[in-house]
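Colleague: turn this into a structure:
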Amino acid sequence: MTEIERQFRERCTHVGERFQISNPQFVLNKGLIFIGDDVEISGSSDIMFSNIETKQPEFRVGDQTFIASGCSFHIARSVTIGKQGRISSGVRLRDFDGHPVDAIARRTKPTPPEGIGAIRIGNDVWIGNDALVLKGVTIGDRSVVAAMAVVACDVPPDTLVAGNPARVVRGLNGRSISAPRPLPEIAAVADRVKRVVAEQARIAPADVDLKRWVDSYKIDSLQLLLLRETFEAELGLRFSDSTWVSFSSFEQVVECCEALTRPFVAPRAAPELEKPRPAILRDGALYVDIEIGIPLTGRNHLAEGPLLQVLGDLRWTHINRISGVPVTRILDDEGEQLYPTFVYAELYFPEQRPMAAYRLGDRFQAECHLRRYGTTVLDGLLYLLPPTGDGEFNTDPYVEAPRARLTNVFVRQHNGAEWMRKSRPADRAFERIAALDEPPDSLELVRTASRDGKFSSPPTDFTRMTGHPARIRHKLIPDRDLNAAGLIYFAHYPVFLDIAEREALRTAEVALPEDMIDLRTVVHRQSAYLSNAGAHDTLLIEVEPWIHNPIRVEDPSSLRLWINFRMYRESDERLMMVSTVEKRIYGRQ
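Modeller: Below is the predicted model:
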């Protein structure tokens, strides 16, 4: 148990099993805190009790709920969050007003009883970033509160609400909602239009002249768009583009409402995706959802470098979750900073569904395993499984599912980035990671690849594309290529190889056209990480490419590539990396 967790538990009345907390929480005044099983609190949040009504206000969090960083809970009576909740960053739950509404009473009196009301959040509720939930609100099961919404009234189950004040947008999980409100009385429209214009122009409603248009009030193009949407929401109408651009006065907006009797109908929404869940540690394995967003993509959709960055970060998370020691605080017996550097990385994708087959919006369920040999070597597989229909993790790894194998050793820097010395962490907490009886075979694979300059040779039906290895120079750019430790991050190595590979394929004796080079994608790669380089060094990358069935160049999907790499640093030609990759041509430009 970490010191942060111990201190928080001391403030709680009850904490369930498998509780996870990563940062200190600010708890003010006395109150009762009840935490269920498998709850995770990520980052720092405020829990502030007010004793204006009771000496023991209550804060309850149900099983398997996740609370992100920067949240604020102001509690005078009680705030209850149900099971499987998702409370996003910056959410505020406040069950009392803080001051009386009456101006005279505010000078001397605290919040009156009518200004206090318990907040109840149901099960499976997701509250979006920076939303505010006010006193007395009950949010029904499985509902969603959109980001930055202000919720002042109850939310029925299976409902999406948004806005300030929050209003029903649509039903969820098959629930239908009531028809849109009827068109308001035309006599009230003018006052509403004046109020909306006044808010955008920052003037009093009485100062709005309906015979004028937006240019009289210095309303810019963005404000004009917001003005239109606010009118539509306020009046329960939808203006067509042609109607909107025809207006030259706000009086015409009011007059138009007599003709517009069609209620606002929201456009068909895209299917709602379940929010990716936070990492869960179960029986020593780490489970986490991965959605392919823009940061994970490259020229051919899912990209190798960004994927390795995510998988590397999952390895750090896994180490921390089991040992309780943040990666940035791993020290050896002499108090020197250690780095769990990667020495072996292997990526496998099915032949018929290579890396580029995974597109923007696709999802994985990552199942990560971790073992140690002694306290110096870490090794484990990470399976990238397809999401299951019922939302549960599939713990039976598919034989043909994409997967990665990563092996780490602990090192400390010696003479900057140029030399690393193997070491072991002093903290015995690393012994909580399950042990291997024998060293992982990946260590022997690395030794053999270092000796032979390759992991393997291509099959006999592959044709060599160059008479001798192409040697490509790559000057390191410190502001782009290094991490916070001053080292080349392991996920960047394959990117350097791809840059050199492209040049070699363009200029090979059996050269490939540029548009075909753009379509190459990884099926299988093995990499041995042997050394690092200084910030101002230059890399020398040897590329040996082979091609399968080069006669059928007119059929790009039939092409297979096999490439061996050796990477050196120019300063002393020390071998830094050996890699073997199998690629295929996939997709269309």
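
Colleague: per-domain residue ranges of this protein.
Modeller: Domain ranges of the chain: 3-171, 186-259, 280-585, per automatic domain parsing.

Colleague: now the last one, how far from the centre of its chain.
Modeller: For domain 280-585, the distance from its own C-alpha centre to the chain's C-alpha centre is 21 Å (CA atoms, centre = their mean, to the nearest Å).

Colleague: show me what contacts T580?
Modeller: Neighbour list for T580: 449, 454-456, 525-526, 562-565 [criterion: CB atoms under 8 Å, 6 or more residues apart in numbering]. In short, each C-beta sits where N, CA and C put it, glycine included.

Colleague: want to throw those into CSV with distance to L296 and pLDDT?
Modeller: As requested, those are exported to CSV (distance: CB to CB, whole Å; pLDDT from 0 to 100):
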residue, distance to L296, pLDDT
A449, 28, 97
K454, 29, 96
F455, 26, 97
S456, 29, 96
R525, 17, 98
Q526, 22, 98
W562, 26, 97
I563, 23, 97
N564, 27, 98
F565, 23, 98
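
Colleague: identify the farthest-apart pair in these.
Modeller: Based on CB to CB, the longest span within those runs between A449 and W562 and measures 15.0 Å.

Colleague: rewinding a little: out of the domains of the chain, which gets the lowest mean score?
Modeller: Lowest mean pLDDT within these: domain 186-259, at a mean of 78.

Colleague: quick one: distance of that one to the chain centre.
Modeller: On CA atoms, centre = their mean, the centre of domain 186-259 falls 39 Å from the chain's centre.

Colleague: show me what the helix or strand where A528 lies is packed against.
Modeller: Secondary structure from DSSP states H and E places A528 in strand 520-529. Judged by 3 or more CB pairs under 8 Å, 6 or more residues apart in numbering; DSSP states H and E, strand 520-529 is in contact with strand 339-348, helix 442-452, helix 493-507, strand 574-585.

Colleague: repeat that for 10 Å
Modeller: Counting contacts by 3 or more CB pairs under 10 Å, 6 or more residues apart in numbering; DSSP states H and E, strand 520-529 packs against strand 301-302, helix 304-323, strand 339-348, strand 403-414, helix 442-452, helix 493-507, strand 560-569, strand 574-585.

Colleague: restrict the fifth one to CA atoms and write it as PDB.
Modeller: By that I understand helix 442-452. In PDB, the C-alpha atoms belonging to helix 442-452 read as follows (Å, rounded to 0.1, in the frame of the first residue of the first chain):
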ATOM      1  CA  SER A 442      13.800 -13.200 -25.700                       C
ATOM      2  CA  LEU A 443      17.200 -12.500 -24.100                       C
ATOM      3  CA  GLU A 444      18.800 -15.300 -26.200                       C
ATOM      4  CA  LEU A 445      17.000 -14.000 -29.300                       C
ATOM      5  CA  VAL A 446      18.600 -10.600 -28.700                       C
ATOM      6  CA  ARG A 447      22.100 -12.100 -28.200                       C
ATOM      7  CA  THR A 448      21.800 -14.100 -31.400                       C
ATOM      8  CA  ALA A 449      20.500 -11.200 -33.400                       C
ATOM      9  CA  SER A 450      23.300  -9.000 -32.200                       C
ATOM     10  CA  ARG A 451      25.900 -11.600 -33.200                       C
ATOM     11  CA  ASP A 452      24.300 -12.500 -36.600                       C
END
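
Colleague: surely I547 forms part of a helix?
Modeller: No - I547: not assigned to a helix; according to DSSP: H, G, I helix; E, B strand; the rest coil it is strand.

Colleague: who's it bridged to?
Modeller: Beta-bridge partners for I547, by DSSP bridges, are T463, L561.

Colleague: count the residues that sit near L226.
Modeller: By other CB atoms under 10 Å, 15 other residues sit near L226.
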